[in-house]
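In: Show me the folded form of this:
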Amino acid sequence: MLKELLSIFRGDDPLGRMANDFSTMLRLAREMTVTAGGACFEQRLSTEGRTALYKQDVEVNKLERKIRKAVIAHLSIAANISDLPYCLLLMSLVKDVERIGDYAKNLAEVPDYRPDPLSATEVHAALLAIRQVVDKSFGETVQVFSNCDRDRALELIRDGKGVAEQCEALIHQVAAGTQNAATTTALVLAIRYYKRIGGHLLNVLSSVVMPLHKLDYYDERELDTTERDHPAATGD
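Out: Model (predicted):
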């Protein structure tokens, strides 16, 4: 379905214009995530920097509403009813990207809970590695989605599932630690926000490999079934 959706998106019709707005949403959410990571790990945002981030979040939200309105208007025309599956897919994807923007904004606010930068501990190093994987995956997701690259989408989904498991293990490690309350709060929030950002990225990636009724569903057995049904996805 995604290939058909993308072929429609590339036209100069209402769906094509919606696609351009979605691409802008995805780009803004990625920029927000990278900026928020810098604030969390390196230097907290200045007042101007935070204002700029919040403005990006507002723009993401406006684009979500704009796309939703356009979808409803498009489907109100009887001749466009055949586009219903693609519109449902788009409605789901814009919500995922909107949520990423929210979590990125929350991530940038994590330094508010601790007075000093995080110490260079084992947990800090593990969280930094998670950040790097999420940032890299986000950068590739834009291209993977645009090209409907099933091979890479499957790889990124498996990497993302690994990140989610690492996040859960890391929270248990933090809970068993001896750091102060402010540091514990900052670490747990950062871990949770990265897990959520990564999860919504997985939802976007799932649209490349899963049919509409299984969107956001990427159980390992389902991925294996997908590969068997589409041998090209495994390089066979």
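In: give me the element the one residue sitting closest to the centre of the chain is part of.
Out: For the chain, the residue sitting closest to the mean C-alpha position, by Cα atoms, centre = their mean, is Leu201 at 2.9 Å. Leu201 belongs to helix 181-209 when assigned by DSSP states H and E.
In: thinking again about what came up before, shouldn't the residue nearest to the centre of the chain be in contact with Phe138?
Out: Yes. Counting by Cβ atoms under 8 Å, Leu201 touches Phe138, with 6.0 Å between them. Every C-beta, even on glycine, is put in place using the N, C-alpha and C of the backbone.
In: in the chain, which segments are predicted with low confidence?
Out: Scanning the chain with the threshold set as pLDDT under 70 gives 1-16, 115, 117-120, 210-236.
In: Break down it into its helices, ranges please.
Out: With DSSP state H as the criterion, the chain has helices at 2-9, 14-41, 47-75, 84-108, 122-147, 150-175, 181-209, 220-229.
In: just so I know, which of these lies nearest Arg114?
Out: Arg114 sits nearest to helix 181-209 of all the helices of the chain, at 4.3 Å, using Cβ to Cβ.
In: Can you give the distance of the closest one from its chain's centre?
Out: Remark: helix 181-209 is offset 9 Å from the chain centroid, using Cα atoms, centre = their mean, to the nearest Å.
In: Give me the buried stretch members for it, please.
Out: Residues of helix 181-209 classed as buried by neighbour count (16 or more other Cβ atoms under 10 Å): 183-209.
In: so what secondary structure elements neighbour it?
Out: Under the contact definition 3 or more Cβ pairs under 8 Å, 6 or more residues apart in numbering; DSSP states H and E, helix 181-209 sits against helix 14-41, helix 84-108, helix 122-147, helix 150-175.
In: can you list those in a markdown table and add distance to Thr47?
Out: As requested, those are arranged in a markdown table below (distance: least, Cβ to Cβ, whole Å):
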| stretch | distance to Thr47 |
| --- | --- |
| helix 14-41 | 12 |
| helix 84-108 | 12 |
| helix 122-147 | 24 |
| helix 150-175 | 30 |
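In: Would you reformat these as CSV and include mean neighbour count and distance to Ser76?
Out: Formatted as CSV, those follow (neighbours: other Cβ atoms under 10 Å; distance: least, Cβ to Cβ, whole Å):
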stretch, mean neighbour count, distance to Ser76
helix 14-41, 20, 11
helix 84-108, 21, 11
helix 122-147, 17, 27
helix 150-175, 17, 32
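In: Quick one: closest of those helices to Asp57.
Out: Of all those, helix 84-108 comes closest under Cβ to Cβ, at 4.9 Å.
In: quick one, that closest one and helix 122-147 angle?
Out: On the basis of axes from the mean of the first three to the mean of the last three Cα atoms, to 10 degrees, helix 84-108 is oriented at 150 degrees to helix 122-147.
In: Remind me what helix 84-108 packs against, helices and strands.
Out: Under the contact rule (3+ Cβ pairs under 8 Å, 6+ apart), helix 84-108 is packed against helix 2-9, helix 14-41, helix 47-75, helix 181-209.
In: Now render the ones you listed as JSON lines, adding distance to Ala164.
Out: As requested, these are arranged in JSON lines below (distance: least, Cβ to Cβ, whole Å):
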{"stretch": "helix 2-9", "distance to Ala164": "23"}
{"stretch": "helix 14-41", "distance to Ala164": "16"}
{"stretch": "helix 47-75", "distance to Ala164": "23"}
{"stretch": "helix 181-209", "distance to Ala164": "6"}
